[in-house]
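A.B. asks: Give the three-dimensional model of this entry:
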Amino acid sequence: MKPLLKSFRIFLWPFAFLYRTGVAIRNFCYDKNIFKTSRFGLPIICVGNLSVGGTGKSPMVEYLVQLLQPEYQLATLSRGYKRRTQGYALANDNSTALDIGDEPMQFHVKYPEMAVAVGEKRVEAIPQLLHDKPDTDVIILDDAFQHRAIQAGLNILLTDYQ
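C.D. replies: Residues are numbered from 1 along each chain as shown. Below you'll find the predicted structure:
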């Protein structure tokens, strides 16, 4: 290993240890029901990954939409990464990628009959989405594998193949 890389890894080790410890404590709290997991009375499919970006979450969401849309009223919910707004938003004809994020905008344009919503706090956004679109049968959460505050009926975990 190169000396600079080794020094960098040694420098970052305490931060990685603190992060790993924090995640372990958080998971323990969910496992022991100290932190509550919300259920919403309809199927929720969570699409996530273990690595950062580039694992095909959006194509998987599109595949699920194509598979399920003939039978069910679908909605997608994501954080709306890189958008300039905050809080809950439901895509409409006036929405832009700056309002809802580029991937939700892509879903809205490609599947205009499907509800597309964004919200950083998904556990708060789902009731708003169900209020706005009460006929929703299934919600697909994009990039929410680590989001344990919501009980997903199905978790789809993607990773890169090398």
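A.B. asks: can you pull out the helices in this structure?
C.D. replies: 3-31, 57-68, 97-100, 102-110, 122-132 (DSSP state H).
A.B. asks: between those helices, which gets the lowest average pLDDT?
C.D. replies: With a mean of 90, helix 3-31 has the lowest mean pLDDT of those.
A.B. asks: So for residue 47, which of the helices of the chain sits nearest?
C.D. replies: Proximity to residue 47 (CB to CB) singles out helix 57-68 among these, at 5.2 Å. Where you see a C-beta, it was placed from the backbone N, CA and C, and this is true even at glycine.
A.B. asks: So which elements touch that closest one?
C.D. replies: strand 44-49, strand 74-78, helix 102-110, strand 138-142, strand 154-158 (3 or more CB pairs under 8 Å, 6 or more residues apart in numbering; DSSP states H and E).
A.B. asks: want to try TSV for the ones you listed, with mean neighbour count as columns?
C.D. replies: Shown next, in TSV, are the helices and strands packed on helix 57-68 (neighbours: other CB atoms under 10 Å):
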stretch	mean neighbour count
strand 44-49	22
strand 74-78	26
helix 102-110	18
strand 138-142	25
strand 154-158	14
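A.B. asks: got these as JSON lines, with distance to residue 120 columns?
C.D. replies: What follows is these, written out as JSON lines (distance: least, CB to CB, whole Å):
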{"stretch": "strand 44-49", "distance to residue 120": "16"}
{"stretch": "strand 74-78", "distance to residue 120": "10"}
{"stretch": "helix 102-110", "distance to residue 120": "13"}
{"stretch": "strand 138-142", "distance to residue 120": "13"}
{"stretch": "strand 154-158", "distance to residue 120": "20"}
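A.B. asks: Could you chop this structure up by domain?
C.D. replies: The record's domain parsing of the chain by automatic domain parsing lists 1-35, 44-158.
A.B. asks: Of those domains, which stretch is the most buried?
C.D. replies: Comparing these by mean neighbour count (mean count of other CB atoms under 10 Å), domain 44-158 comes out on top with a mean of 17.
A.B. asks: first to last residue in that one, what's the distance?
C.D. replies: End-to-end distance of domain 44-158: 17 Å, with CA to CA, to the nearest Å as the criterion.
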